[in-house]
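Asks: Build me a model:
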Amino acid sequence: MPSDEDYSVYDEGGGWLLFAATILGIAGIMRIFDGIWAFRYDGVVPDELESALLGKSLSTYGWAWIIVGVVLILSSFAVLNRSQFARWIGIFAGGLLAITAIWWIPYYPVWSLLYVLVGVLVVYALAVYGSRTPRL
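Replies: Prediction:
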């Protein structure tokens, strides 16, 4: 009969890493949708966009969001490999998720702040639990 000691391969940070990878993947998909929206939008562009960070062209924002989305999706898969390179890509991508969400605060304050919070949690998960050797 197996004892509890036989099942002691409990990975304390496994849930956090799965959370980080899932959030990075979902955020990447959402950023790609943001980019597609920016390309297809044909309505009136708000006047405040002229003084925005990337200028007044929505296609510039579309390319930025698609690039950010691809980085986030790739890092979501890489983070599950537990290599240090994947960890740092994930930390960078989580920081990128939080920083790029700040650009939309004037237009969508609640969602942008939620994106920032989730990005900070991803950085926390990878900084604390993303090391090469699992914390037992």
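Asks: Could you check what's spatially nearest to the residue nearest the centre of the chain, not counting adjacent residues?
Replies: Geometric centre of the chain, nearest residue: residue 24, 3.7 Å, by C-alpha atoms, centre = their mean. Nearest residue to residue 24 in three dimensions, chain neighbours excluded: residue 76, at 3.7 Å (C-beta to C-beta, 6 or more residues apart in numbering). In this view, the C-beta of every residue, glycine as well, is placed from N, C-alpha and C.
Asks: what number of residues lie near that neighbour?
Replies: Per other C-beta atoms under 10 Å, the neighbour tally for residue 76 reads 24.
Asks: so what pLDDT did it get?
Replies: pLDDT, residue 76: 85.
Asks: what about the helices in the chain?
Replies: 14-40, 58-79, 84-102, 109-129 (DSSP state H).
Asks: So residue 41 versus residue 100, what's the distance?
Replies: In this view, residue 41 and residue 100 are 18 Å apart by C-beta to C-beta, to the nearest Å.
Asks: Repeat that for residue 65.
Replies: Residue 65 is 8 Å from residue 100, by C-beta to C-beta.
Asks: Need the residues touching each of the two.
Replies: Residues touching both residue 65 and residue 100 (C-beta atoms under 8 Å, 6 or more residues apart in numbering): residue 31.
Asks: Show me where the protein dips below the pLDDT cut-off.
Replies: 1-11, 42-57, 132-136 (pLDDT under 70).
Asks: circling back: so the residue nearest to residue 24 touches residue 22, yeah?
Replies: Yes. With contacts counted by C-beta atoms under 8 Å, residue 76 reaches residue 22, the gap being 7.2 Å.
Asks: Next, show the common contact partners of those two.
Replies: By C-beta under 8 Å, 6+ apart, no residue touches both residue 76 and residue 22.
Asks: show me what contacts the residue nearest to residue 100 when sequence neighbours are not counted?
Replies: With sequence-adjacent residues excluded and distances taken as C-beta to C-beta, 6+ apart, residue 100 is closest to residue 68, at 5.5 Å. Contacts were defined as C-beta under 8 Å, 6+ apart; by that measure residue 68 touches 28, 31, 96, 97, 100.
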